[in-house]
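S.K.: Please find the sequence and the predicted model below.
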Amino acid sequence: MKTHRFHPAEYHLTLGSHAPVLEIADGDRVITTTVDNAGRDASDREITPRGNPQTGPFYLHGAEPGDTLAVRFERITPNRAVGRTRVGIAANVLDPGHPAARGESEEEELLEWRIDNQSGTATLLDPVFPAGELVLALDPMVGCFGTAPPKGQFIAANTAGRYGGNMDYRGFRAGTTVYLPVFVAGGLFHLGDVHALQGDGEIVGTGIEVSAEVEFTLRLIRGRRVGWPRGEDGDSLLTAGNARPLDQALQEATTEMVRWLVELGLEEKQAHILLGQCVRYQVGNVFDPAYTMICRISKSLLAGALPR
């Protein structure tokens, strides 16, 4: 197992079967960088067009269609001192009668935040609050990542599907492992769109957008393909559904969790009973073309339900 340092020279605005930028082996670790959603790098220079530019793709030796790619985010570190957010809540998140939903709000503006990794904080630089500043704790996450979609598709990095994509779920942070279906040889893993912090849903269309250094490990699970992205952290198992309307995303996430629990040893009826009383849902992206719904179940509850 090796650690690779990769310095990207170009980026992609789609997830697809692009030429791989690096070939790695099962269990290897990669340390690389991402630009922000507007294509700005660590020096805050715009070096590539906006639209969630993706670093990669990374080719995992041995990965074939029908396998699963496991990516563990080891570290996500903003690598510049300024991040940016939009201000207004998206019209589709507000009641249609609200002035902002009717397009009566002021012209869109961006706010700048001071990012301080040492103190672990983001400070709003615009004195819009009575105290003169707003200080929030950093909680870095990767907003957009995934494998290459099937059938030669190149899909814009502002949406999501079975392959992953722009899910903008704040739980995709350091320490989380995500399981993605492999559709093409090598898997072709892409990533980008890091947020220093984001509320559930990305309801203003951004988190605190920032460039970053990301460290991740790729593992190969042969002969098993997940239907939709799955993940786990120290507390829970989770599944993601990506679609619009939101109820379809919820259906996909829930169905994938039922499949997973049955694979782990529960009978289907048992899975329904457990989820009926213990499931937790979280909202990923509700701003972009496909919405994301997350279905979660506590590992401690599951441990008591699985056959011994």
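M.R.: The structure has been received and is ready for your questions.
S.K.: Going along the chain, name the strands of the stretch 51-200 of the chain.
M.R.: Assigned by DSSP state E, counting those that start in this stretch, the strands in the stretch 51-200 of the chain fall at 54-60, 68-78, 82-86, 110-116, 121-124, 135-137, 141-146, 155-156, 160-161, 164-166, 177-181, 189-195.
S.K.: Nearest to Gln251, out of those strands?
M.R.: strand 160-161 (14.5 Å; C-beta to C-beta). C-betas here are computed from N, CA, C, even on glycine.
S.K.: Note down every partner strand of the closest one and its orientation.
M.R.: Applying DSSP bridges, strand 160-161 is found paired with strand 164-166 (antiparallel).
S.K.: what sits up against the strand it pairs with?
M.R.: The contact list for strand 164-166, computed with C-beta atoms under 8 Å, 6 or more residues apart in numbering, reads 15, 52, 143-147, 155, 157-160, 178, 180, 193, 229, 242, 285, 288, 290.
S.K.: gap between it and the chain center?
M.R.: 6 Å (C-alpha atoms, centre = their mean, to the nearest Å).
S.K.: got it, and stretch 18-25?
M.R.: Centroid separation between stretch 18-25 and its chain, computed with C-alpha atoms, centre = their mean, is 20 Å.
S.K.: circling back: with mean neighbour count, distance to Gly205 and mean pLDDT as new columns, can the strands of the stretch 51-200 of the chain be given to me in a markdown table?
M.R.: Below are the strands of the stretch 51-200 of the chain laid out as a markdown table (neighbours: other C-beta atoms under 10 Å; distance: least, C-beta to C-beta, whole Å; pLDDT from 0 to 100):
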| stretch | mean neighbour count | distance to Gly205 | mean pLDDT |
| --- | --- | --- | --- |
| strand 54-60 | 25 | 18 | 98 |
| strand 68-78 | 21 | 19 | 98 |
| strand 82-86 | 21 | 5 | 96 |
| strand 110-116 | 17 | 11 | 95 |
| strand 121-124 | 18 | 17 | 96 |
| strand 135-137 | 12 | 18 | 96 |
| strand 141-146 | 28 | 11 | 98 |
| strand 155-156 | 17 | 15 | 98 |
| strand 160-161 | 26 | 15 | 98 |
| strand 164-166 | 30 | 11 | 98 |
| strand 177-181 | 22 | 23 | 98 |
| strand 189-195 | 29 | 12 | 98 |
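S.K.: For His98, find the nearest of the ones you listed.
M.R.: The minimum distance between His98 and the strands of the stretch 51-200 of the chain falls on strand 82-86, with 16.4 Å, by C-beta to C-beta.
S.K.: Tell me the first helix or strand C-terminal of the longest helix seen in the chain.
M.R.: Using DSSP state H, we find that the single longest helix of the chain is helix 246-264. Counting by DSSP states H and E, the next helix or strand C-terminal to helix 246-264 is helix 268-278.
S.K.: can you list the residues that contact the very next helix or strand once past that following helix?
M.R.: Counting by DSSP H and E, the next helix or strand C-terminal to helix 268-278 is strand 280-283. Here strand 280-283 makes contact (C-beta under 8 Å, 6+ apart) with 169, 171, 200-201, 236, 246, 250, 253, 291-298.
S.K.: So in that sheet, which strands flank strand 280-283, and in what orientation?
M.R.: Applying DSSP bridges to the sheet, strand 280-283 is found paired with strand 291-298 (antiparallel).
S.K.: roughly how far out does the strand it pairs with sit from the chain middle?
M.R.: Chain-centre distance of strand 291-298: 12 Å, with C-alpha atoms, centre = their mean.
S.K.: That one vs helix 268-278, what angle?
M.R.: Per axes from the mean of the first three to the mean of the last three C-alpha atoms, to 10 degrees, the angle that strand 291-298 makes with helix 268-278 is 100 degrees.
S.K.: Just after strand 291-298, pick out the following helix or strand.
M.R.: Once the chain leaves strand 291-298, the next helix or strand it forms, by DSSP H and E, is helix 299-305.
S.K.: Mind listing residues that contact that following helix?
M.R.: By C-beta under 8 Å, 6+ apart, helix 299-305 touches Glu232, Asp235, Ser236, Leu237, Leu261, Leu264, Leu266, Gln270, Leu274, Cys278.
S.K.: wouldn't the second one be in contact with Gly175 here?
M.R.: The one in question is Asp235. No. Between Asp235 and Gly175 there is no contact under C-beta atoms under 8 Å: 10.3 Å.
S.K.: just the buried members of the contacts of helix 299-305?
M.R.: By neighbour count, with 16 or more other C-beta atoms under 10 Å, the contacts of helix 299-305 hold Glu232, Ser236, Leu237, Leu261, Leu266, Leu274 as buried.
S.K.: Closest to Gly207 out of the residues you listed?
M.R.: Using C-beta to C-beta, the buried ones among the contacts of helix 299-305 come closest to Gly207 at Ser236, 21.3 Å.
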